[in-house]
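Chemist: dropping a prediction and its sequence here:
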Amino acid sequence: MLIRINNRVSIDPAELSENFIRSSGPGGQNVNKVSTAVQLRFDARRSPSLPDDVRTRLEKHMTLDGIIVITAQRFRSQDRNRQDAQDRLVALIEAACVVPIRRRKTRPTLGSRLRRMDAKSHRGDIKSGRSKPKDD
């Protein structure tokens, strides 16, 4: 069954590899005995499921080999950590599917420039009024 990201992108679960490791941090003996944390790996650079534009936007989250690594250790069970890692991967790819809106360059209006210069000169007058009078 495919993992659905949105209408145009779905990922085959066979493209994901999971490695179970021991969690760090507090948790008593359970942490020392049971490998509950999951390290999810997804080879985004070689994945046939991703369009090129989405792959390009995911570049900043990849290793040098083009693999996205997500470590989940929030929960005390493997199943919940596995689901958490998959949910985080889906959210990451979902965010990469959205085309960012380019910023339109704007210039300050004449009125705002004049108000800024008036405020600067007013502030300068206040500061110059604080100085000691000069003896001539």
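Modeler: It's in.

Chemist: list the residues that contact the residue nearest to residue 3 when sequence neighbours are not counted.
Modeler: Leaving aside its sequence neighbours, residue 3 sits nearest to residue 11 (C-beta to C-beta, 6 or more residues apart in numbering; 4.6 Å). In short, each C-beta sits where N, CA and C put it, glycine included. Counting by C-beta atoms under 8 Å, 6 or more residues apart in numbering, residue 11 touches 2, 3, 5, 42, 47, 49, 50, 93.

Chemist: what lies in contact with the worst-scoring helix or strand of the chain on mean pLDDT?
Modeler: Least confident helix or strand, the chain: helix 29-33 with a mean of 72, by mean pLDDT, DSSP states H and E. Contacting residues not belonging to helix 29-33 are listed as 22, 23, 24, 25, 36, 76 [C-beta under 8 Å, 6+ apart].

Chemist: what's the spacing between the fifth one and residue 22?
Modeler: Summarising the geometry, the distance separating residue 36 from residue 22, computed by C-beta to C-beta, to the nearest Å, is 8 Å.
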